[in-house]
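Trainee: okay, predicted coordinates and the sequence, questions at the end:
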Amino acid sequence: MAAEHRSPDRTRPRALLADDDPVVIAALSAQLEHQFSVVAVAGDADSAIALARQHSPAVALVDVEMPGGGLHATRGIHHDSPATAVVILTADDSRASVLQFLDAGAMAFLRKGIPPHQLVARLNEAIAAHGALVQRADRQRKVAEDRFRAAFDQAGVGMAIVALEGAEAGRLVEANSAFGWMLGREAAELVGANLEKWTHADDLPDGVGDPLAALARGDLERVEFEQRYLHSDGHVLSALATAASYLDEDGRRVAIIQVLDISERKRFEGRLEYLADHDALTGLFNRRRFEQELDREIIRGRRYGGRGAVLALDLDGFKFVNDSLGHAAGDELVSSLAATMRRTLRDSDIVARTGGDEFAVILPESDEQAALLTGERLLSAISREGIMSHSNRHAKVTTSIGLTVFEGGDQLPAEDLLVEADIAMYDAKSGGKNRICVYNRDKQHRERITARQDWMRRLQQAIEEERFVLYAQPIVPVCSSGVPRFELLLRMPDDHGDLIPPGAFLYYAERCDLIQPIDYWVMTQAVKMLHEYHSRGIDISLAINVSGKTLNKGAIGEHLRQLLETHEIPEGRLVVELTETAAIANMQRARELAHYLRELGCRLALDDFGAGFATFYYLKHLEFDYIKIDGEFIKHLPGTHADQLVVRAVVDIARGLGADTIAEFVQDDETLALLRELGVGYSQGYHTGRPGPLEAILPQLQTTKNG
């Protein structure tokens, strides 16, 4: 049956009849003629939907079995004419599909042939019930819209609605005041403009990686991205945007975007990235970046047959400058001589400050003769300008330089080249200073092999005979509290019984792959000591260091578990320290170990934090309890604003992540007072406690006498 249109009687509710049976249509029309105005008759589902959309009747009577499906007609009418109450008609009493129709929007389910007075009554009931639902939905929608409007307009962060489809795609449909303020404009000025108008040219979407395009395609429901925008005064701001898509009241796909100004955070991150590679005082590369650059030069030389030279420089007489004129004068001199070196070297040369008064230089494409000439120029320039005067006191420094060369065929790693340059530099110092010495690889390589073999023998003997000695250093509360804390420090007796500091033998222990048994020995002693103290009722905390190589072996957690099974200790009393560089070198291993340590009841400390300093980002990947701030940021803390900023930032981040801080290399009361002001948890250094034998530093264990 084709669709019919009838002139409506405006005094009565309008009805739409959707059935393909003329007899049924005639019967329904007769039954409804005194109470309703039948405005349209449809013989199939699509016609019913179209007529409902056109006439918006008060009620639509829909046959279950009509062509196109009564269920399809119900869904369509409910969607396109939401004010229409849909009543379902069926020729039998089957109710199997009732829930489907109700879910599709139907209000009632009637059997064909129902008496006229019952039919009219049920239709009026359906219209009234549907009207109440529509009104309730309208009120709820109004409340939701008001809430959204208040949240949108009054939000403290920028918010905007952006079209995602058609010719308007990318245009701002709405923007709140905060977004306008962020861009230095009125919100009304933004509406109607394309978001690209305010986007930095380098961040304009390319159509492939455009996050809003991914929303429009339906690939994602929510996206988060960083983007730079242009302020009206010309400056660039960095923003973090979060966008989600939805259909507006007109059925158009749009995105609601929340925009947070992160310019300050990006500036701070940029500063951290700079500090990761540069020395804060001189602006030169630091040792970490220098080693990376040297690795690149070595690889380039191997690939293309290039060559180069490495210089190691140490200032002669610098300690006298610090002692007689003060650290501020020493810093000024170091900064001045760094500038002197930059002026003396080629633009292609790479110079770094690798220590307090130590520098290193890479001379790409330089042979030994050319490198010697460069070294002589540096000697002359530093001798000429290395003069410092202060309060009628004068001091002068020179430099001792060690030189080594490398070629594409060499298989030496960067670490070995630096050692060679250092050895030559110490030869220059022992030869009278203010001179340059060249590393003799043939002679000195044999000497180094002999020294390495000798150290391997001594270390193996020390491991087998457990001849190592432990010292302890207090970790003193500043702004935190708790049980007494100590760090265990390793020493090794020489053949005469004198103690060798770890810096002298741990290098060889790592190079000879003997560090793991040493770390295990230290861990075993620490657990046994804690167990003994615990059994005597004395509560202390001990911290031990774990090398990067032991971390990479991966068995340290299992070794610790076995120890704790036989030697019970209180939870949290053993602290395992990982250096920042070791943790970052193997982040996955460090993360797994940190998680396992916590399960075992131990704590994790990130040692030498700031030595690499590109690692703020990685903190969220590690479960840790303490950050030990590298002494480089502490020893000049009172007089260095940049160091104070760094320490304050570390304290704030640690607190936010539920961790505490320990400052290393604390040397005086002024530094200690400043640490307290900055909120640092603990202090470690010669000023608050020098390392010493265990019996002199740790609490005394009381021996129990029998009967």
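Mentor: Thanks, I have the structure now.
Trainee: any idea which helix or strand comes after the helix or strand bottoming out on mean pLDDT in the chain?
Mentor: Lowest mean confidence among the helices and strands of the chain (mean pLDDT, DSSP states H and E): helix 580-585, at a mean of 54. Sequence order places helix 587-599 as the next helix or strand after helix 580-585, per DSSP states H and E.
Trainee: then that next one to PDB, C-alphas only?
Mentor: Written as PDB, here are the backbone C-alpha positions of helix 587-599 (Å, rounded to 0.1, in the frame of the first residue of the first chain):
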ATOM      1  CA  MET A 587      65.300   0.700  32.900                       C
ATOM      2  CA  GLN A 588      63.400  -2.500  32.400                       C
ATOM      3  CA  ARG A 589      65.800  -4.500  34.700                       C
ATOM      4  CA  ALA A 590      65.800  -1.600  37.300                       C
ATOM      5  CA  ARG A 591      61.900  -1.500  37.300                       C
ATOM      6  CA  GLU A 592      61.700  -5.300  37.800                       C
ATOM      7  CA  LEU A 593      64.300  -5.200  40.500                       C
ATOM      8  CA  ALA A 594      62.600  -2.300  42.300                       C
ATOM      9  CA  HIS A 595      59.200  -4.100  42.300                       C
ATOM     10  CA  TYR A 596      60.800  -7.300  43.600                       C
ATOM     11  CA  LEU A 597      62.700  -5.400  46.300                       C
ATOM     12  CA  ARG A 598      59.500  -3.900  47.600                       C
ATOM     13  CA  GLU A 599      57.900  -7.300  47.600                       C
END
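Trainee: which strands or helices does it pack on?
Mentor: Under the contact criterion of 3 or more CB pairs under 8 Å, 6 or more residues apart in numbering; DSSP states H and E, helix 587-599 touches helix 548-553, helix 556-566, strand 574-579, helix 580-585, strand 603-609. Any C-beta I mention is one placed from the backbone N, CA and C, and that applies to glycine too.
Trainee: between the second one and strand 574-579, how many degrees?
Mentor: By that I understand helix 556-566. Computed with axes from the mean of the first three to the mean of the last three CA atoms, to 10 degrees, the direction of helix 556-566 lies at 170 degrees from that of strand 574-579.
Trainee: quick one: helix 556-566 to chain centroid distance?
Mentor: When distances are taken as CA atoms, centre = their mean, to the nearest Å, helix 556-566 is centred 31 Å away from the chain's centroid.
Trainee: quick check: buried residues in that helix?
Mentor: For helix 556-566, a neighbour-count test (16 or more other CB atoms under 10 Å) marks I556, G557, H559, L560, L563, L564 as buried.
Trainee: surely H559 and W521 touch.
Mentor: No - counting by CB atoms under 8 Å, H559 does not reach W521; the two are 10.7 Å apart.
Trainee: which residues are in contact with the longest strand along the chain?
Mentor: Under DSSP state E, the strand in the chain containing the largest number of residues is strand 236-247. The contact list for strand 236-247, computed with CB atoms under 8 Å, 6 or more residues apart in numbering, reads 158, 162, 164, 182, 200, 211-212, 215-216, 218, 221-231, 253-263, 265-266.
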